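1. got a sequence here, can you model it:
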Amino acid sequence: MGGILFILFIILISYLFISKYKSSKVKNYKEEKEFLSQDMARIKVVLRKYIDKKSTFRDFEFSPLDNTYELDLNAEFRFEGLERAQNYLEKELDITGGLSLDMISELIYSDQKIKNIIDRKLNDFIEIMEQEVQKLIDKSINSALDIPKRKFSNDFITTFKEYLLEKKDIQINNNILSIILEKVKLKMYYKELDKKIDSNKISDINYFSEKYLDIYGYSVDEDYISWMIKSFDLNLRVDDVIKKINNIKNSRRKKKNIEDMDKFLNSNADYKKSADINDIDMMTGEEFEYFLKDLFVSLGYEAEVTRLSGDQGADLIVEKDNRIVIQAKRYSNKVNNSAIQEVIGAKKYYNAKKAMVITNYYFTKSAKELAEINDVILWDRDMLKEKVSLA
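-> Model prediction:
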């Protein structure tokens, strides 16, 4: 009998405890609901203030939107960002509990004013990232036309990310940074190409191939072709373009060889050895080659222009003690790697001891590096002026 009474006593105590707990929970829920109802407007005001004035780029997770040229991104609060917002709200509102991360997240994405603030911060982020990435690319290349060949190592990207976090308070993952890099590179490349190309004609494979040769010369490079196609979003196949470029190259060479033969047989042109650098700037490519021939003759060399025999990467062959093959570049822009590569091949083809590239302008950094590795002699504008003065 005593055991039964004890069990009934335990059941009664448990019932009273559970009833009190439920009553307390209902009361707390009603109080929280009443609190939120009364102070929701104030919470939103403080939350807007935090996001506008206190939040940083590292509070957001950025993801790309599908746009070929523009840097379009979406921004959402990271978990850590929501926690920082929660701590700020509790401190400013002098409350503890009642503001869950889910509740704060719901407020953020349901309040139009907050969404407008986030959009503005996103635009600021995009502007800063475009500026920083463009500076990175500008410092890494000599011309926007070289962008297709510029690759960044993983270590380089990691260091750049560390710089962004330390100096710009931007936390970004490798995938998003790679996407931003590619989009900015494409945008810069397109902008440079657009100066040289009629966008209304570029979809025509003949016009495309002609302009490729005008921009990059006779060295056919799939990377450049692919980037040109991608920049203008063209429906062209790389293989078809390469075939067309080679056909145009052969046609141009045939026409030029006939013209050169005509001039060789019938012209009395005098290529001035005494020309100054400004005269050289006004020469055609052919006139520059014959000018260099006369210059080397005056310096004691035997010299031959290779136009009529097919240059094979050399515009001139000069000899004194050793045979030297020369690429002549009468340019108004910096000479890039392709000239170095061509003259390296010509050196082997003509069994020459030395190789040179001579220009009336200057060389890109990468061209200088490639020349140094392969022992190619470079004469830039300054060296050419010096040699002309000695002739």
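
2. can you tell me how far V305 is from L73?
-> Noted for V305: a distance of 55 Å to L73, by CB to CB, to the nearest Å. Where you see a C-beta, it was placed from the backbone N, CA and C, and this is true even at glycine.

3. ah, wrong one, I meant D262
-> Applying CB to CB to D262 and L73 gives a distance of 59 Å.

4. next: L136.
-> Distance from L136 to L73, counting by CB to CB: 18 Å.

5. hey, where'd the helices end up in the stretch 101-250 of the chain?
-> 101-110, 112-140, 154-168, 174-194, 205-216, 222-231, 238-266 (DSSP state H, counting those that start in this stretch).

6. what's the following helix or strand after the least confident helix or strand in the chain by mean pLDDT?
-> The helix or strand of the chain with the lowest confidence, counting by mean pLDDT, DSSP states H and E, is helix 2-49 at a mean of 61. Remark: after helix 2-49, the chain's next helix or strand is strand 60-64, criterion DSSP states H and E.

7. which residue is the nearest non-sequential neighbour of G217?
-> Of all residues not flanking G217 in the chain, S338 sits nearest, at 5.9 Å (CB to CB, 6 or more residues apart in numbering).

8. for the one you found, give me the pLDDT.
-> Note on S338: pLDDT of 88.

9. kindly export the helix or strand hosting it (C-alpha atoms) in CSV.
-> Taking DSSP H and E as the criterion, S338 maps to helix 337-349. Listed next in CSV are the C-alpha coordinates belonging to helix 337-349 (Å, rounded to 0.1, in the frame of the first residue of the first chain):
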residue,chain,number,x,y,z
ASN,A,337,57.4,37.4,-78.1
SER,A,338,56.4,36.4,-81.6
ALA,A,339,59.3,38.2,-83.2
ILE,A,340,61.8,36.5,-80.9
GLN,A,341,60.3,33.1,-81.6
GLU,A,342,60.5,33.6,-85.3
VAL,A,343,64.2,34.8,-85.3
ILE,A,344,65.1,31.8,-83.1
GLY,A,345,63.7,29.5,-85.8
ALA,A,346,65.5,31.5,-88.5
LYS,A,347,68.8,31.1,-86.8
LYS,A,348,68.6,27.4,-87.0
TYR,A,349,67.2,27.4,-90.6
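
10. give me the helices and strands touching it, please.
-> On a contact count with 3 or more CB pairs under 8 Å, 6 or more residues apart in numbering; DSSP states H and E, helix 337-349 meets strand 323-329, strand 354-359, helix 365-373, strand 376-379.

11. any chance of these in a markdown table, plus distance to V46 and mean neighbour count?
-> Listed next are the helices and strands packed on helix 337-349 as a markdown table, based on distance: least, CB to CB, whole Å; neighbours: other CB atoms under 10 Å:
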| stretch | distance to V46 | mean neighbour count |
| --- | --- | --- |
| strand 323-329 | 65 | 24 |
| strand 354-359 | 64 | 23 |
| helix 365-373 | 53 | 17 |
| strand 376-379 | 65 | 18 |
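
12. pull out the buried residues from stretch 281-291.
-> Residues of stretch 281-291 classed as buried: M283, E286, E287, F288, E289, Y290, F291 (neighbour count, 16 or more other CB atoms under 10 Å).

13. what's the mean pLDDT across it?
-> Mean pLDDT, computed over stretch 281-291, is 84.

14. now the residue nearest the centre of the chain: how far from I170?
-> Nearest to the centroid of the C-alpha atoms of the chain, with distances taken as CA atoms, centre = their mean, sits K185, at 2.5 Å. According to CB to CB, K185 stands 19 Å off from I170.

15. and for D380?
-> Separation of D380 from I170 (CB to CB) stands at 40 Å.

16. quick check: closest non-adjacent residue to the residue nearest to the centre of the chain.
-> Distances taken as CB to CB, 6+ apart put I147 closest to K185, at 5.0 Å, once the chain neighbours are dropped.

17. in terms of pLDDT, where does the one you found sit?
-> 87.

18. show me the contacts for it.
-> I137, I141, K185, M188, Y189, E192, W227 (CB atoms under 8 Å, 6 or more residues apart in numbering).

19. looking at these, which is nearest L107?
-> Nearest to L107, judged by CB to CB, of the contacts of I147 is K185 at 38.5 Å.
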